[in-house]
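Peer 1: no sequence on this one, just coordinates:
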Ligand code: ADP
């Protein structure tokens, strides 16, 4: 550990909390810039909502959510409208403070008027969400799933999912919410950190029983009940990929700001914790994404009142050790070196083969045995040969990978959803100043002009008004006051607005796609022209 930083460069930096720990110019960091901000309850809800606007059916795995305080009137109006159209609808809502974790500050309500708007909401923004009243129960208890996902790279997008996860159980038998039981956290909230304080919490060394189990043990139970477990897994994979697709546009803005292209910098990867709730009909619903999932493999045991001891937790160990081990295997810098060396050896072998038969006999034998060994190999003399000749692959004897690649493996099925990514690429192109995340008025004008979006119906004065209107509204929401200008979400709103204006009759996602194609076409033509002029 280097709590005060470290001068010599490392291959891998394993940061405790976020990307911003110190200046890093090479290697790999286990955090992406901006990830902590992106998975906060409000930011995640906004990012998913943008995708819900474009692809409502594909993104119906996230409960309907409103952002407080600014959307409180909208929340009241929409709930009233839905109740009017369906009087039998008796919803429950869950209020979650932004940036909270471990169930902190969460409460359930039956009606928008129950929201504690006094002070706390004003000073502490929150998300209010439709409460999933009919979760799948096991042993009459509500539970959720924690799945570990490795975002190995943003560009190109590479996603891995761990084959096993954790199931965290409530400690009071579940009943659908009523005014009487709304406050019973041990019945409604699955957080380990809360339920551990219940007298009913069961620590178990067996992965099939207790208040924390492996997800695979639940799948076995479901499979024996005749459930379609394969379909469930494929729904979960699709939920994970779609959620990451919702996060990538803004992550790319943060990335280019912290690690500008063309300058020395590290690459990033990150282990994320996905919290998923299964509905009674086995549909997985996303609860939240955790940028710093706990990797503890111990739990606290109260030996006597107030006296705690850390004891190993076999369930945590089984799942988490594999996740960390495989993450290191996948990002292993030596692996890439070994691959390069192997290619080098292969090419040398063929050359040597032709010119120096005698050398080949001596070397090839070594080479064959050490295909995965060290890069010094080709220069190795007899002493080294002895050492390397018996070197086994560092991965020999390790279990097969628990992390399974799902992207780009399933890219073909999901690439059509990546529209906002392309909008973000336009946004980044016009940001101008390196290190910034917001677009100034000149950048926005240049975007409109270069993409040929202004015409007699849409003058440059209207462009300025659009910029000012949207930027002012987004900045008044108090998201990020550090920089002035238009954030990506505001740009996306402006872009959707322009798309609707230009392609009136199409569904929104087709309007947006058509406008992206239009902009990309004009920018490519412009680049071509500049290239020709440059040559001239
Ligand atoms: P935190 O970050 O504080 O843990 P979560 O969003 O994970 O916040 O919510 C805490 C718990 O509340 C979840 O583990 C889950 O049991 C329950 N929960 C959250 N949202 C919903 C929902 N929409 N419907 C039903 N239960 C929910």
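Peer 2: Good, I have the coordinates. All of these numbers come straight from a predicted model, not from anything done at the bench.
Peer 1: can you list the residues of the chain near the ligand?
Peer 2: Counting by Cβ under 6 Å from any ligand atom, the positions of the chain adjacent to the ligand are 63, 94, 96, 100-104, 106, 129, 131-132, 144, 189-191, 275, 277, 287-288. C-betas here are computed from N, CA, C, even on glycine.
Peer 1: Please flag which of the residues you listed sit within strands.
Peer 2: Those of these mapping onto strands are 94, 96, 129, 144, 275, 277, 287-288, per DSSP state E.
Peer 1: which stretches of the stretch 101-250 of the chain form strands?
Peer 2: 107-109, 126-130, 137-138, 141-153, 158-162, 166-169, 212-214 (DSSP state E, counting those that start in this stretch).
Peer 1: ok, the longest one: who's next to it in the sheet?
Peer 2: Applying DSSP bridges to the sheet, strand 141-153 is found paired with strand 137-138 (antiparallel), strand 158-162 (antiparallel), strand 166-169 (antiparallel), strand 270-278 (antiparallel).
Peer 1: which residues sit against the shortest one?
Peer 2: When you say that, I think you mean strand 137-138. Here strand 137-138 makes contact (Cβ atoms under 8 Å, 6 or more residues apart in numbering) with 143, 167, 169, 174, 218, 221, 280.
Peer 1: Look at the third one and say how many residues are nearby.
Peer 2: Pointing back at residue 169 there. As a burial measure, residue 169 scores 22 neighbours (other Cβ atoms under 10 Å).
Peer 1: Contact partners for it?
Peer 2: By Cβ under 8 Å, 6+ apart, the contact set of residue 169 is 138-139, 141-143, 190, 195, 210-213.
Peer 1: Pick the one among those closest to residue 48.
Peer 2: residue 190 (20.5 Å; Cβ to Cβ).
Peer 1: Please indicate which of the contacts of residue 169 are buried?
Peer 2: Neighbour counting by 16 or more other Cβ atoms under 10 Å classes 138, 141-143, 190, 195, 210-213 among the contacts of residue 169 as buried.
Peer 1: Could you export the contacts of residue 169 as JSON lines, including pLDDT?
Peer 2: JSON lines is the format used below for the contacts of residue 169 (pLDDT from 0 to 100):
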{"residue": "138", "pLDDT": "95"}
{"residue": "139", "pLDDT": "94"}
{"residue": "141", "pLDDT": "96"}
{"residue": "142", "pLDDT": "97"}
{"residue": "143", "pLDDT": "97"}
{"residue": "190", "pLDDT": "96"}
{"residue": "195", "pLDDT": "90"}
{"residue": "210", "pLDDT": "89"}
{"residue": "211", "pLDDT": "92"}
{"residue": "212", "pLDDT": "92"}
{"residue": "213", "pLDDT": "94"}
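Peer 1: between those residues, which is closest to the ligand?
Peer 2: Closest approach to the ligand among these (Cβ to the nearest ligand atom): residue 190, at 3.5 Å.
Peer 1: Next up, the contacts around residue 282.
Peer 2: Going by Cβ under 8 Å, 6+ apart, residue 282 touches 136, 222, 227-228, 231-232, 235.
Peer 1: Which ones among these lie within helices?
Peer 2: 222, 231-232, 235 (DSSP state H).
Peer 1: Top of those by number of neighbours, please.
Peer 2: Neighbour-wise, the ones in helices among the contacts of residue 282 (other Cβ under 10 Å) top out at residue 232, 19 neighbours.
Peer 1: Would you mind measuring from that one to the ligand?
Peer 2: Distance of residue 232 to the ligand, given as Cβ to the nearest ligand atom, to the nearest Å: 18 Å.
Peer 1: now residue 251
Peer 2: Using Cβ to the nearest ligand atom, residue 251 is found at 20 Å from the ligand.
Peer 1: for residue 403, same thing?
Peer 2: 23 Å.
Peer 1: circling back: what is the nearest of the ones in strands among the residues of the chain next to the ligand to residue 521?
Peer 2: Within these, the smallest distance to residue 521 is 38.7 Å, found for residue 288 (Cβ to Cβ).
Peer 1: got the contact list for that closest one?
Peer 2: 39, 41, 44, 275.
Peer 1: okay if I get those as TSV plus pLDDT, neighbour count and secondary structure?
Peer 2: Output for these, formatted as TSV (pLDDT from 0 to 100; neighbours: other Cβ atoms under 10 Å; DSSP: H, G, I helix; E, B strand; the rest coil):
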residue	pLDDT	neighbour count	secondary structure
39	96	20	coil
41	95	22	helix
44	97	22	helix
275	97	19	strand
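Peer 1: of all those, which comes closest to residue 494?
Peer 2: residue 44 (21.8 Å).
Peer 1: Apart from its neighbours in sequence, what residue is nearest the closest one?
Peer 2: Among residues not flanking residue 44 along the chain, residue 289 sits closest, at 6.2 Å (Cβ to Cβ, 6 or more residues apart in numbering).
Peer 1: who touches that neighbour in this structure?
Peer 2: For residue 289, the contact set (Cβ under 8 Å, 6+ apart) comprises 39, 44, 243, 247, 272-275.
Peer 1: So in terms of bridging, what pairs with it?
Peer 2: residue 274.
Peer 1: Now do the same for it: its pLDDT.
Peer 2: Listed pLDDT for residue 289 reads 97.
Peer 1: Residue 107 contacts residue 97, correct?
Peer 2: No: using Cβ atoms under 8 Å, residue 107 is not in contact with residue 97, being 9.7 Å away.
Peer 1: Quick check: which element contains residue 495?
Peer 2: helix 488-502 (DSSP states H and E).
Peer 1: name the helices or strands packed onto the helix or strand that that helix is followed by?
Peer 2: For helix 488-502, the following helix or strand on the C-terminal side (DSSP H and E) is helix 508-535. Applying 3 or more Cβ pairs under 8 Å, 6 or more residues apart in numbering; DSSP states H and E, one finds that helix 508-535 contacts helix 41-54, helix 419-431, helix 441-450, helix 488-502.
Peer 1: Using a markdown table, lay out the ones you listed together with distance to residue 293.
Peer 2: Formatted as a markdown table, the helices and strands packed on helix 508-535 follow (distance: least, Cβ to Cβ, whole Å):
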| stretch | distance to residue 293 |
| --- | --- |
| helix 41-54 | 15 |
| helix 419-431 | 25 |
| helix 441-450 | 37 |
| helix 488-502 | 26 |
